[in-house]
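**Student:** Give me coordinates for this.
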Amino acid sequence: MTDNSKTAGSNISIDETDNTRIRELLQKESGARMPGGITGKIIIAVALAWALFQLWNASPFSLLSTTMMRPIHLAFAIFLAFMTFPAMKRAAQDRVPWYDWVFALAASASAMYLVVNYEALAVRPGRPLTMDLIFAAVGMVLLLEATRRALGKPLVIVVAVFLIYTYFGPYFPEVIQHSGRSFRRIMSHQWLTTEGVFGVAIGVSASFVFLFVLFGSLLDRAGAGNYFIQVAFSLLGHMRGGPAKAAVVASGATGIISGSSIANVVTTGTFTIPLMKRVGFSGTKAGAVEVASSTNGQLTPPIMGAAAFLMIEYVGISYIEVITHAILPALISYVALIYMVHLEAVKANMKGIPRRQPTTLLRSLISFLTVFIGLSIITLAVYYGIGWIRVLMGPAATPLIMTLVLAAYIGLIWYACRFPDLIMDNPDVEITELPEVGPTVKSGLYYILPVVMLVWFLAVERRSPGLSVFWATMFMIFIVLTQRPLKALFRRSGDVPARLWEGMNDLYHGLINGSRNMIGIGVATAAAGIVVGTVTLTGIGLVMTDFVEFLSGGNLFLMLLFTAVMSLILGMGLPTTANYIVVSTLMAPVIVSLGAQNGLIVPLIAAHLFVFYFGILADDTPPVGLAAYAAAAVSRADPIMTGVQGFAYDIRTAILPFMFIFNTSLLLIDIESIWHLMMVVTTALTAMLIFAAATQGFWLTRTRIWETVALLLIAFTLFRPGFWWDMVHPPLDRYDGANVAEVIEDLPAGHELRMRVSGMTMTGDDYETYMLLPLGEQADTGTERLANLGLANVSQDGSDLVLNTVQFGSVARQKGLDLGWRIEYVELDAERPPAELMWIPALLLLGLIALLQLGRRKREQLTADPAQQGG
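**Tutor:** Next up is the predicted model:
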């Protein structure tokens with residue numbers, strides 16, 4: 001991005017005002033202040049030391065405990081926050097005032113106090129000394145100030161409200177009232193334990209997130225970001241609205257390495273937004289397309305804005321399970337956005353940018369099949385080849401595999417040297433034709449190797465995320481150092497030493513940029529940990545269910561809507577990671593609990609993805625959508641209107657969380673076979689495309705009002721056919737709780753028994769909910785099977801089964817059943833025709849609309865071209 005430069009293919013220039021606005025937005029990511037002299041060198045040295053420390057800590061050689069690692073991680077982050085983020089926007093950017101030195105050192109010392117006094121604090125838990133409280137109080141205050149500088153006021157306000165609530169609990173409304181906590185207890189809980197600031201959130205930041213951000217920084221520094229943009233542009237730029245489609249794909253690809261919607265907008269938007277305007281998009285719509293695609297980049301595995309790693313801890317599932325559940329919604333969201341862009345282009349009769357060599361549909365199809373078949377063969381060969389090598393070679397397999405990976409890298413570098421290197425887009429040159437697909441793709445295939453290595457370790461080797469990204473990052477470091485010298489060697493340019501120095505310079509800046517990109521995330525996860533600490537200290541999580549139930553009147557849909565709005569409001573000023581921590585801590589358990597009380601068993605991962613999606617959507621929600629402001633600075637459009645239009649494009653993303661709450665197949669949960677998987681994917685994609693057409697008011701031609709309503713109805717039916725089918729055939733058969741033993745006697749092992757239970761909570765309140773109780777192995781009788789679950793002593797009271805005792809440590813106790821609770825009834829799946837039969841009338845209605853629109857489009861074409869009528 002060059003200041004005062006004219007953008008490619010456009011008469012619009014990005015002036016200094018726009019660049020200033022973009023820099024201010026990026027400051028929220030990595031800090032804008034970079035003084036010279038000894039101070040600048042100290043900042044660089046600390047950032048470099050942080051990156052090297054995190055690499056060492058993630059290596060197999062580190063023996064540092066999690067308890068020690070978290071405060072060290074925060075010490076680095078909070079020191080750099082005070083050094084790189086000025087107290088005020090108008091403060092000098094070229095120097096660090098003396099008081100920021102004091103704040104930086106005092107904040108770091110407060111964090112390191114836990115490391116230095118680790119053993120002393122361990123022997124007096126809950127009994128802090130005066131010195132402990134002083135360091136805790138100083139640390140808390142300076143953490144909030146660092147958060148304000150790095151992330152703005154919203155997160156600070158949220159955290160402050162929770163701290164006020166903790167201290168002044170008796171003065172709050174009765175529904176959320178508590179007895180209050182003392183200053184001593186608050187400071188001890190929030191700073192000196194692993195329940196607050198140094199809790200799970202910052203632990204994930206230190207263990208996983210830093211390495212993934214560093215991996216992305218190195219990948220981008222190596223040129224992968226530009227490679228993804230150029231490949232997407234070469235593949236899609238010739239289509240109608242091609243630059244916009246390329247923006248969608250490029251943002252999805254760069255989302256893999258950035259995990260930041262603002263960074264996505266600035267990285268791809270400065271290239272794609274002017275091109276979109278050139279082919280006919282208005283400034284508002286061009287910016288909105290970039291905003292929608294960039295915010296959705298955070299939905300795309302594997303990084304997902306750091307939330308994926310937090311879900312590992314909060315949901316208690318593996319990393320590969322998180323990205324498995326997240327992949328289908330992300331896929332259909334992106335496909336639908338590309339289709340919406342296509343409809344916009346068709347409505348405006350836009351054209352694409354011509355290719356140098358025109359191609360036919362047959363040639364494109366043959367090329368696609370060749371690439372697809374080739375990749376499939378390579379994938380199978382790698383998967384089974386490495387498996388056979390491990391079996392045959394035993395312990396010697398690892399060095400052999402590493403040698404093969406090195407050979408593949410050198411071979412791909414040699415192959416890339418046959419094509420010219422990709423250069424960054426020159427904003428002063430108008431683009432009149434597309435780059436050739438073949439040379440563009442082939443010039444950087446080696447960038448895919450570290451990503452493949454990362455996925456291999458995660459999905460096949462089943463290594464931890466931290467160890468997987470460590471090895472991928474080490475390979476990435478090797479690539480950054482060697483790609484330029486190897487190219488110079490293969491091209492015989494004779495400047496190998498100079499290219500090696502350039503590689504070292506790239507590594508140097510990549511490590512520093514990775515650390516700077518982590519400053520905001522480090523302080524955000526620490527500050528958001530205060531909210532988590534408040535929940536554990538005050539028990540507000542237990543009363544949030546009653547509070548939300550009171551606001552929603554017990555209506556499940558209204559409860560979900562309330563949660564979505566709360567996520568949007570919090571996310572308007574919070575970074576996605578902090579927003580996810582805050583809202584998921586408060587609202588995810590509420591969704592699960594209230595859903596169960598209303599008969600809907602919601603998997604915990606579905607509840608967490610629900611709040612995560614709406615937290616991301618806040619980036620383009622007016623009036624504070626930061627991604628919309630970044631896009632508007634490039635497109636020279638109104639930021640509020642850009643945000644409104646971006647949210648209109650993102651409506652397809654907003655309905656997905658509601659759909660997968662009620663239809664968990666979209667998260668690939670309980671997929672029974674490959675055919676079931678194909679059916680789920682096909683119908684979900686079809687439904688989302690139909691929904692996109694309905695919201696655009698255009699399908700084969702402009703839709704009429706009744707057609708729009710019908711398309712929305714069809715999309716809903718494809719997403720959730722059971723809604724209608726349940727009205728015709730109830731999905732469940734109900735049996736009295738007194739007959740549980742007879743009901744479960746012949747059920748298969750592992751079957752989850754759906755029950756309506758009631759009892760008294762520890763607070764003395766009556767409570768009713770639905771519950772899934774996993775059945776163990778089959779037994780001779782149902783009574784014996786109940787005993788195996790921990791329910792040996794039961795009695796009948798009318799139609800209910802009363803639990804006289806619940807064995808400690810049993811499955812039933814782990815699920816929450818307790819002494820005196822009742823099983824009111826159980827429900828089993830009813831034998832009925834499949835709900836998917838509702839797709840038939842929906843598709844017939846879709847066919848009818850297609851016939852009507854085809855006929856209308858033909859008449860419109862004849863009217864527009866009278867010469868055809870005479871023919």
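
**Student:** ok now the helix or strand harbouring residue 504, how far from the chain's centre?
**Tutor:** Assigned by DSSP states H and E, residue 504 belongs to helix 496-538. With C-alpha atoms, centre = their mean, to the nearest Å as the basis, the distance from the averaged C-alpha position of helix 496-538 to the chain average is 18 Å.

**Student:** Which secondary structure elements does the helix or strand following it sit against?
**Tutor:** If you walk from helix 496-538 toward the C-terminus, the next helix or strand you reach (DSSP H and E) is helix 540-552. Helices and strands touching helix 540-552, as assessed by 3 or more C-beta pairs under 8 Å, 6 or more residues apart in numbering; DSSP states H and E, comprise helix 556-571, helix 576-597. (Each C-beta comes from the backbone N, C-alpha and C, glycine too.)

**Student:** what is the orientation angle of helix 540-552 with helix 556-571?
**Tutor:** Helix 540-552 runs at 120 degrees relative to helix 556-571, counting by axes from the mean of the first three to the mean of the last three C-alpha atoms, to 10 degrees.

**Student:** in helix 540-552, what's buried?
**Tutor:** Taking 16 or more other C-beta atoms under 10 Å as the neighbour-count basis, helix 540-552 is seen to contain the buried residues 540, 541, 543, 544, 545, 548, 549, 552.

**Student:** what about the residue lying closest to residue 530 once chain neighbours are set aside, which SS state?
**Tutor:** The shortest distance from residue 530 to any non-neighbouring residue, by C-beta to C-beta, 6 or more residues apart in numbering, is to residue 159 (4.9 Å). Per DSSP: H, G, I helix; E, B strand; the rest coil, the local secondary structure of residue 159 is helix.

**Student:** And residue 825, by the same measure?
**Tutor:** Secondary structure of residue 825, reduced to three states by three-state DSSP: strand.

**Student:** I'd like to check which residues are in contact with it.
**Tutor:** Listed by C-beta atoms under 8 Å, 6 or more residues apart in numbering, the contact set of residue 825 reads 734, 735, 736, 737, 755, 756, 799.

**Student:** now do residue 698
**Tutor:** 343, 346, 347.

**Student:** where does the stretch 601-750 of the chain have low pLDDT?
**Tutor:** Under the criterion of pLDDT under 70, the regions of the stretch 601-750 of the chain flagged as low confidence span 622-625.

**Student:** Skipping its backbone neighbours, what lies nearest residue 751 in space?
**Tutor:** Spatial nearest neighbour of residue 751, chain neighbours left out: residue 775 (4.9 Å); criterion: C-beta to C-beta, 6+ apart.

**Student:** Read off the pLDDT value for residue 814.
**Tutor:** What the model reports as pLDDT for residue 814 is 85.

**Student:** Pull the contacting residues for it.
**Tutor:** So, once contact is read as C-beta under 8 Å, 6+ apart, residue 814 ends up touching nothing.

**Student:** cool, residue 500 as well?
**Tutor:** For residue 500, the residues meeting the contact criterion (C-beta under 8 Å, 6+ apart) are 481, 484, 485.

**Student:** so the last one touches residue 496, yeah?
**Tutor:** Meaning residue 485. Yes. Between residue 485 and residue 496 there is a contact at 5.0 Å, judged by C-beta atoms under 8 Å.

**Student:** okay, these two: which has more neighbours?
**Tutor:** In terms of neighbours (other C-beta atoms under 10 Å), residue 485 is the more surrounded of residue 485 and residue 496; the figures are 19 against 15.

**Student:** on that earlier part again, of the contacts of residue 500, which is the nearest to residue 173?
**Tutor:** residue 481 (60.1 Å; C-beta to C-beta).

**Student:** Unless I misread the structure, the closest one falls within a helix.
**Tutor:** Yes. Remark: residue 481 belongs to a helix, assigned using three-state DSSP.

**Student:** ok, back up a step: want to throw the contacts of residue 500 into TSV with distance to residue 600?
**Tutor:** Conversion of the contacts of residue 500 to TSV gives the following (distance: C-beta to C-beta, whole Å):
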residue	distance to residue 600
481	53
484	56
485	59
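
**Student:** Go through those and say which is closest to residue 172.
**Tutor:** Distance to residue 172 across the contacts of residue 500 (C-beta to C-beta) is lowest for residue 481, with 57.2 Å.

**Student:** Just give the nearest non-adjacent residue to the closest one, would you?
**Tutor:** Closest residue to residue 481 apart from its sequence neighbours, by C-beta to C-beta, 6+ apart: residue 503 at 4.4 Å.

**Student:** can you check residue 323 too?
**Tutor:** Nearest residue to residue 323, sequence neighbours excluded (C-beta to C-beta, 6+ apart): residue 301, at 3.6 Å.

**Student:** hang on, the earlier thing: for the contacts of residue 698, which entry has the maximal number of neighbours?
**Tutor:** Per-residue neighbour counts (other C-beta under 10 Å) across these peak at residue 343, which has 19 neighbours.

**Student:** ok, it - contacts?
**Tutor:** Residue 343 makes contact with 692, 693, 696, 698, 699 under the criterion C-beta under 8 Å, 6+ apart.

**Student:** For this structure, name the helix or strand with the lowest mean pLDDT.
**Tutor:** Comparing every helix and strand of the chain by mean pLDDT, DSSP states H and E singles out strand 5-6 as the least confident one, with a mean of 32.

**Student:** Tally up the residues packed near residue 421, please.
**Tutor:** Here the neighbour count serves as a burial measure; for residue 421 (other C-beta under 10 Å) it reads 14.

**Student:** possible to save the contacts of residue 343 as JSON lines with distance to residue 616?
**Tutor:** Putting the contacts of residue 343 into JSON lines (distance: C-beta to C-beta, whole Å) gives the following:
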{"residue": "692", "distance to residue 616": "18"}
{"residue": "693", "distance to residue 616": "24"}
{"residue": "696", "distance to residue 616": "22"}
{"residue": "698", "distance to residue 616": "26"}
{"residue": "699", "distance to residue 616": "28"}
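
**Student:** List just the nearest of those to residue 531.
**Tutor:** The shortest distance between residue 531 and any of the contacts of residue 343, using C-beta to C-beta, involves residue 692 and amounts to 35.9 Å.

**Student:** correct me, but that closest one touches residue 342?
**Tutor:** No. In this structure, residue 692 sits apart from residue 342 without contact. The criterion is C-beta under 8 Å, and the distance is 9.3 Å.

**Student:** For these two, indicate the residue with more neighbours.
**Tutor:** Neighbour comparison, residue 692 and residue 342: the larger count goes to residue 692, with 25 against 21 (by other C-beta under 10 Å).

**Student:** Does anything pack onto the strand or helix carrying the more buried one? Which helices or strands?
**Tutor:** Residue 692 is part of helix 674-696 when elements are defined by DSSP H and E. When contacts are defined as 3+ C-beta pairs under 8 Å, 6+ apart, helix 674-696 sits against helix 319-347, helix 651-662, helix 705-719.

**Student:** TSV for those, including distance to residue 205?
**Tutor:** Compiled in TSV, those are given as follows (distance: least, C-beta to C-beta, whole Å):
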stretch	distance to residue 205
helix 319-347	15
helix 651-662	25
helix 705-719	35
